[in-house]
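Asks: coords please:
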Amino acid sequence: MDVSVIDYRTLNDDYPLIEQAILYLEKNYKSQPSLAEVSENVGMSEFHFQRVFTRWAGISPKRFLQFLTKENAKDLLDQSENLLDTTYQVGLSSLGRLHDLFVTTEAVTPGEYKSRGTGLTIRYGIHPTPFGKCLIGTTDRGICHLGFVQSSEGDAVDQLVSEWKQARMIEDFRSTAPLVEPIFDLSRRKEALRVHLRGTNFQLKVWEALLNVPTGSVTTYANIARQIGNPNALRAVGTAVGHNPVPVLIPCHRVIRKLGEFGNYRYGAARKKALLAREMAFESVTASA
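Replies: Numbers count the residues shown, from 1 in each chain. Got it, this is the predicted structure:
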C-alpha cells in the first residue's frame with residue numbers, strides 16, 4: 001500500500017461506492033459474490049471498480065472481502081485476545097503510550113465536566129477523509145470531538161454543540177486541517193496527538209482500555225469489562241463505547257461481539273467494517289513488505 005501521498009478528497013469521494021459494496025456483501029456474503037456481481041451492483045465495470053476499490057483499500061476487492069467475513073473476525077479475535085492478555089498484564093496506568101498511536105489525554109475536572117464547556121473555545125472544521133467527511137473540534141488542550149458527517153454537515157455541527165453546550169464555537173477550517181493526516185494516515189500513527197476528553201471516571205477507564213487495542217486487532221465488550229475490573233458491566237461498557245467522543249483516535253470500531261459478529265457502530269455498521277478492514281489490509285501489506 002503506497003501511503004506516501006494521499007489524496008483525501010479522492011478517497012472521500014470514493015467512500016460512498018466502498019460503503020455500497022460493503023452493504024451488498026453484508027447481504028450476500030454466503031454466496032461469495034464474484035467481482036462481476038459486486039461491480040454490477042455498484043454500477044461500474046469490473047475494471048473500473050477494481051481500480052477504484054484498490055486505490056481506496058490498498059489491496060484488491062477479493063482480498064479486502066476476506067477481512068469482512070465472520071470467520072476471519074473470529075480467527076482475528078482469537079489472536080488478538082492472546083495479544084491483549086499480554087498487553088494488559090502491565091496494567092492500565094494512564095491514557096498515554098499506545099501500541100500504534102501516541103495520544104496524550106487531558107480529561108476535564110469534575111467541575112469542568114458539569115459546566116458543559118463554560119469558558120472554553122472550540123475551533124472546528126469539516127474535512128474529507130477515506131471514510132467520508134468528518135468534523136474535528138479542538139480546544140487549546142487538544143482534540144475534543146471527531147465525528148463523521150452522516151445526514152448533513154449542519155447535523156454534525158449540532159452534535160458537537162450538544163456535547164459542549166456552553167463553549168464558544170468558532171468555525172476554523174485551517175486550524176483543524178493539519179490534524180486529518182495524523183488521524184487517518186495509518187503510516188503516521190506514531191505521531192503525537194493531544195486529546196481533550198470529557199467523561200465520567202467509568203467512561204475514561206473504558207476509553208483507556210480501547211487505546212490498548214492495536215491496529216488490525218479486535219476485542220470484545222466482555223474483555224473490555226474484565227480489563228477495567230467490572231466483568232458484569234457489559235451494558236455499561238457498551239454505552240461508554242458508544243459515547244466515545246473521538247472515534248478512530250480512540251478505536252471503538254475494534255470492539256466486536258464474542259461470536260465474531262461486527263456489531264453496531266455510532267456512524268454505521270458499514271463504516272465500522274470499512275475502518276477495520278482497511279486497518280487489517282494495511283497491517284497485512286506492511287507485514288509482507
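Asks: Output the contacting helices and strands for the helix or strand containing E279.
Replies: Per DSSP states H and E: E279 is located in helix 269-288. Helices and strands touching helix 269-288, by 3 or more Cβ pairs under 8 Å, 6 or more residues apart in numbering; DSSP states H and E, are helix 8-28, helix 46-57, helix 61-67. Heads up, the C-betas are built off the backbone N, CA and C, glycines and all.
Asks: Extract the C-alpha trace of it and format it as CSV.
Replies: Taking Å, rounded to 0.1, in the frame of the first residue of the first chain, the C-alpha atoms of helix 269-288 are listed here in CSV:
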residue,chain,number,x,y,z
ALA,A,269,-22.0,-0.7,10.6
ALA,A,270,-20.6,-0.4,7.1
ARG,A,271,-18.2,2.3,8.1
LYS,A,272,-17.1,0.2,11.1
LYS,A,273,-16.3,-2.7,8.8
ALA,A,274,-14.5,-0.3,6.4
LEU,A,275,-12.4,1.1,9.3
LEU,A,276,-11.5,-2.4,10.5
ALA,A,277,-10.8,-4.0,7.1
ARG,A,278,-8.7,-1.1,5.9
GLU,A,279,-6.5,-1.4,9.1
MET,A,280,-6.2,-5.2,8.5
ALA,A,281,-5.2,-4.6,4.9
PHE,A,282,-2.6,-2.1,6.0
GLU,A,283,-1.1,-4.4,8.6
SER,A,284,-1.2,-7.3,6.1
VAL,A,285,0.7,-5.3,3.4
THR,A,286,3.1,-3.8,6.0
ALA,A,287,3.9,-7.3,7.4
SER,A,288,4.6,-8.7,3.9
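Asks: That helix to helix 8-28, inter-axis angle?
Replies: Helix 269-288 and helix 8-28 are oriented at 110 degrees to each other (axes from the mean of the first three to the mean of the last three Cα atoms, to 10 degrees).
Asks: tell me which residues in helix 269-288 are buried?
Replies: By 16 or more other Cβ atoms under 10 Å, the buried positions in helix 269-288 come out as 269-285.
Asks: go on, stretch 126-146?
Replies: If you call a residue buried by 16+ other Cβ under 10 Å, then stretch 126-146 has these buried ones: 126-139, 141-146.
Asks: Identify the residues contacting R63.
Replies: Each residue near R63 by Cβ atoms under 8 Å, 6 or more residues apart in numbering is listed here: A281, S284.
Asks: And E26, by the same measure?
Replies: E26 touches L68, A269, A270, K273, counting by Cβ under 8 Å, 6+ apart.
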